[in-house]
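Chemist: Sharing a sequence plus its predicted fold:
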Amino acid sequence: MKIVTATLAVLLAAPAWAGDSPAATGEDAAQVHRYLIERTFPEGALDGLDATAKARVNANNATVGVSWIKSFANADRTKTYCVYEGPSEDAIRQAAALNNLPVDSITEVPVDLAP
């Protein structure tokens, strides 16, 4: 239940998602999909996440057509919920492997919900 609540909170709290519509329409819809990735990290693993590390993640992601949009972490920084865009779930998994990042689950989230 906690995961569902956290996932729903992420989806509803994102200000960039205005309107009740699919993430993309037309030709773009077939190429870019939005995903929510849940990850579990050992305690302290996120402490070294600086601008250089983020730039490296973004560069690796770009090699497989994936974009990191935003991430949320729990209070003890052992769980993250990351919003990514990419051509497929497989591309999201490839990006995670390139960055040595864990993947607990990937859920496509194509529908925007606004308050």
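Modeler: Thanks, I have the structure now.

Chemist: For Phe41, give me phi and psi.
Modeler: Phi and psi for Phe41, reported as degrees, to the nearest 10, are phi -120, psi 150.

Chemist: so who does the residue lying closest to it once chain neighbours are set aside touch?
Modeler: If you skip the residues right next to it in sequence, Phe41 has Thr78 as its closest partner in space, 5.4 Å away by CB to CB, 6 or more residues apart in numbering. (Each C-beta comes from the backbone N, C-alpha and C, glycine too.) Thr78 makes contacts with 40-43, 45, as judged by CB atoms under 8 Å, 6 or more residues apart in numbering.

Chemist: And Thr78, how far from Ser67?
Modeler: Relative to Ser67, Thr78 is positioned 25 Å away (CB to CB, to the nearest Å).

Chemist: Quick check: pLDDT value at the residue nearest to Phe41.
Modeler: What the model reports as pLDDT for Thr78 is 97.

Chemist: next one: the one 5 residues further on
Modeler: Confidence per residue is given as pLDDT, and for Val83 that number is 98.

Chemist: Strands of this protein, start to end?
Modeler: 33-40, 67-73, 79-86, 105-108 (DSSP state E).

Chemist: out of those strands, nearest to Asn60?
Modeler: Within these, the stretch nearest Asn60 is strand 67-73; the backing value is 9.9 Å (CB to CB).

Chemist: Let me know the pLDDT of Gly48.
Modeler: 84.

Chemist: ok, how many other residues are close to it?
Modeler: 8 (other CB atoms under 10 Å).

Chemist: how close does the residue most central in space within the chain sit to Pro42?
Modeler: In the chain, the centroid-proximal residue (CA atoms, centre = their mean) is Val83; its distance is 2.3 Å. Val83 is 23 Å from Pro42, where distance means CB to CB.
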